[in-house]
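Novice: Sharing a sequence plus its predicted fold:
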Amino acid sequence: MEKRYMESTLAGAWYPADADTLRREVNGYLAASAVEPDPSVFAVVVPHAGYAYSGPVAAVGINALAAAPRLRRVVVLGFSHRIRLPNRASIPSTETHYRSPLGETPLDTEVLSRWMDHPLFTDMADTRQGENSVELPLPLLQAALAGREWTLLPITLGQMDERSRRRVAEEIAAVLDDETGLVVSSDFTHYGPDYDYVPFQTDVAENLDRLDHGAMDFILAGDEAGFEAYCTQTGATICGSDAIGVLLHLLASSFTARELAYETSVARTGDERNSVSYASLGFYRKQAPVRLPANSPRKPVLTRADQTALLALARQSIEDALQGRRRSFVGSVSPGMKCIMGGFVTLSMDGELRGCIGEIMPRRPLVEVVAERALDAAFEDPRFPPLTPGEWPVVKIEISALTPPEPVASWREIEIGRHGMSVELNGRSAVFLPQVATEQGWTLEETLTHLAVKAGLHAAAWRDPAARYEVFEAVVFHE
């Protein structure tokens, strides 16, 4: 395959363009970054100013991530400082490698290709021109991971609302295995008249420390709502707040986090009139997730009352959106509705599909899945135009609550009528819920043929030995 490069655009400005000079500089930062290796690391927050300012602090975070013993892929999550891209994320769709003065690093083109099929992602090349939030961590990663084979997944966020941050988090979480690390790029407070932010004029260093660590307290606790409220209350000028918000959405309940390094530009320039704060934060797994055997998944226990309440929640969420109201469901939430599980919401009209969106991996309470995926099924399914008020009275709702997906060695292990299934091949994937095959009267072979076509593969691709399958079960209930 011909190589196509995502080129460095800041060499010679934000860091040296000469390879030997750059290598000496970044290796010096890495060598001086005293951090205790912890192999359970999976994510870091690092700054992205010019290396003369933030290089030493950023190197601490990058060194911490390099301690992951099986690291073979790195997601770098930045954002656009200058380009408007509301509620979208830009990724490279034609490039195969990133190239800096330190050499080239392959992109994970299979995952990028799969993400490009998602309506949230686009390829806006301008977001990769002079964008320091994504580019500045990359030479540090190249130096820290020298000698390893690894691939890169660069993401540039646009201007995101809470729902879009959550959707990006879901896509990243799907690839965040124990061979994948996440670098979240953000500086902290931008203080002074140059940044139009002067909440105090005395004791600047002490007040900056207090302001920054107030935000860090929420981040290290994994409190996305608290972090957002703190930024709103203080007006804190944390440029990567959306990228941090994505990180906080994808954190599982079992993690630890700690501050690794902190400094302000005041410490390097002596100028208290304008300052930018830099921090590296580390996030660590407490324990590996427990996976259930494929032949004995535990089905969620949902009472008839739970099912009725969830259907009412889905309907109310869509109705509120159609009428321009804030979500107004105030029903009680039972323990069953709070269970962490995947789920799909399916809409139909006169027996025909009108929208179906969901998530397979169990990452959050079912009640949250239903409330959000109902809106996605109504307004975001790319196969259909957004639902209209005129259609709404005849729409029927179905919910599928899922067991955790489990890999199977062969398609022959899939049981029609019992298993939902997903296939992945050549960076393309598709999912069928358990009820699809029985509703259509398909055999297993017919089901897999339709599944392959849905994934954008040729009809017989499901027979390819490289195809990977996962199965799950579902509790299905409808109006």
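Specialist: That came in fine, so what should we check first?
Novice: Please tell me how far the most centrally placed residue in the chain sits from Asp376.
Specialist: In the chain, the centroid-proximal residue (Cα atoms, centre = their mean) is Ala169; its distance is 2.5 Å. As judged by Cβ to Cβ, to the nearest Å, Ala169 and Asp376 stand 14 Å apart. For glycine as for every other residue, the C-beta is placed from the backbone atoms N, C-alpha and C.
Novice: try Ile238
Specialist: Separation of Ile238 from Asp376 (Cβ to Cβ) stands at 28 Å.
Novice: give me the number of residues near the residue lying closest to Glu7 once chain neighbours are set aside?
Specialist: Nearest non-adjacent residue to Glu7, counting by Cβ to Cβ, 6 or more residues apart in numbering: Arg99, 5.6 Å away. Per other Cβ atoms under 10 Å, the neighbour tally for Arg99 reads 17.
Novice: Could you pull up phi and psi at Arg99?
Specialist: phi -130, psi 130 (degrees, to the nearest 10).
Novice: now Tyr278
Specialist: Main-chain dihedrals, Tyr278, degrees, to the nearest 10: phi -130, psi 140.
Novice: residues touching the residue lying farthest from the centre of the chain, list them.
Specialist: Largest separation from the mean C-alpha position in the chain: Thr202, at 39.3 Å (Cα atoms, centre = their mean). Going by Cβ atoms under 8 Å, 6 or more residues apart in numbering, Thr202 touches no other residue.
Novice: part of a strand, is Val276?
Specialist: Yes - when classified by DSSP: H, G, I helix; E, B strand; the rest coil, Val276 is found to be part of a strand.
Novice: Number the chain from 59, please
Specialist: Right, with 59 as the first residue, what we last looked at is Val334.
Novice: can you count the residues close to it?
Specialist: Val334, neighbours per other Cβ under 10 Å, totals 24.
Novice: unless I'm mixing things up, Ile230 is touching Gly239, no?
Specialist: No - using Cβ atoms under 8 Å, Ile230 is not in contact with Gly239, being 11.1 Å away.
Novice: Which of those two has more residues huddled nearby?
Specialist: Using other Cβ under 10 Å, the more surrounded residue of Ile230 and Gly239 is Gly239, with 27 against 23.
Novice: So what does the residue farthest from the centre of the chain look like in phi/psi?
Specialist: According to degrees, to the nearest 10, Thr260 has phi -120, psi 160.
Novice: and if you look at Ser148?
Specialist: Backbone torsions of Ser148, given as degrees, to the nearest 10, read phi -100, psi 130.
Novice: so what's it scoring on pLDDT?
Specialist: According to the prediction, Ser148 has pLDDT 97.
Novice: shouldn't it be in contact with Leu178?
Specialist: No - taking Cβ under 8 Å as the definition, Ser148 is not a contact partner of Leu178, at 10.5 Å.
Novice: Can you pick out the residue with more neighbours from those two?
Specialist: For Ser148 versus Leu178, the count of surrounding residues by other Cβ under 10 Å is larger for Ser148: 25 against 17.
Novice: what residues are shared contacts of Ile230 and Gly239?
Specialist: Here Ile230 and Gly239 share the contacting residues Val133, scored by Cβ under 8 Å, 6+ apart.
Novice: gap between stretch 66-74 and the chain center?
Specialist: Mean-position distance between stretch 66-74 and its chain equals 28 Å (Cα atoms, centre = their mean, to the nearest Å).
Novice: in it, what counts as buried?
Specialist: Ser66, Leu68, Ala69, Trp72, Tyr73, Pro74 (16 or more other Cβ atoms under 10 Å).
Novice: Which of the residues you listed sits closest to Arg128?
Specialist: Set against Arg128, the nearest of the buried residues of stretch 66-74 by Cβ to Cβ is Ser66 (27.5 Å).
Novice: how close does that closest one get to Cys289?
Specialist: In terms of Cβ to Cβ, Ser66 sits 31 Å off from Cys289.
Novice: Tell me which residues touch Pro105, please.
Specialist: Contact partners of Pro105, counting by Cβ under 8 Å, 6+ apart, are Ser112, Val115, Ala116, Leu194, Ser243, Ser244, Asp245, Phe246, Tyr336, Ala337, Ser338.
Novice: Narrow the residues you listed to just the buried residues.
Specialist: Using 16+ other Cβ under 10 Å, the buried ones in the contacts of Pro105 are Ser112, Val115, Ala116, Leu194, Ser243, Ser244, Asp245, Phe246, Tyr336, Ala337, Ser338.
Novice: Any chance of those in CSV with pLDDT as columns?
Specialist: Formatted as CSV, the buried ones among the contacts of Pro105 follow (pLDDT from 0 to 100):
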residue, pLDDT
Ser112, 95
Val115, 96
Ala116, 97
Leu194, 96
Ser243, 98
Ser244, 98
Asp245, 97
Phe246, 97
Tyr336, 97
Ala337, 97
Ser338, 97
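Novice: Take the residues you listed and keep only those in strands.
Specialist: Secondary structure from DSSP state E places Ser243, Tyr336, Ala337, Ser338 of those in strands.
Novice: Correct me if wrong: the third one contacts Ala319.
Specialist: Yes - with contacts defined as Cβ under 8 Å, Ala337 counts as touching Ala319 at a distance of 6.7 Å.
Novice: Any stretches of the protein with poor pLDDT?
Specialist: By pLDDT under 70, the low-scoring segments of the chain are 59, 310-312, 345-359, 385-389.
Novice: outside of stretch 74-86, which residues touch it?
Specialist: Ala69, Tyr73, Tyr109, Gly113, Ala117, Ser158, Pro159, Leu160, Pro197, Leu198, Ala201.
Novice: Any idea how far the helix or strand harbouring Val103 is from the middle of the chain?
Specialist: Using DSSP states H and E, Val103 sits within strand 99-104. Relative to the centre of its chain, strand 99-104 is centred 13 Å away, using Cα atoms, centre = their mean.
Novice: residue boundaries of the helices in the chain?
Specialist: 77-90, 109-124, 167-174, 190-193, 195-202, 220-231, 262-278, 282-292, 299-308, 324-327, 362-380, 424-437, 492-498, 502-512 (DSSP state H).
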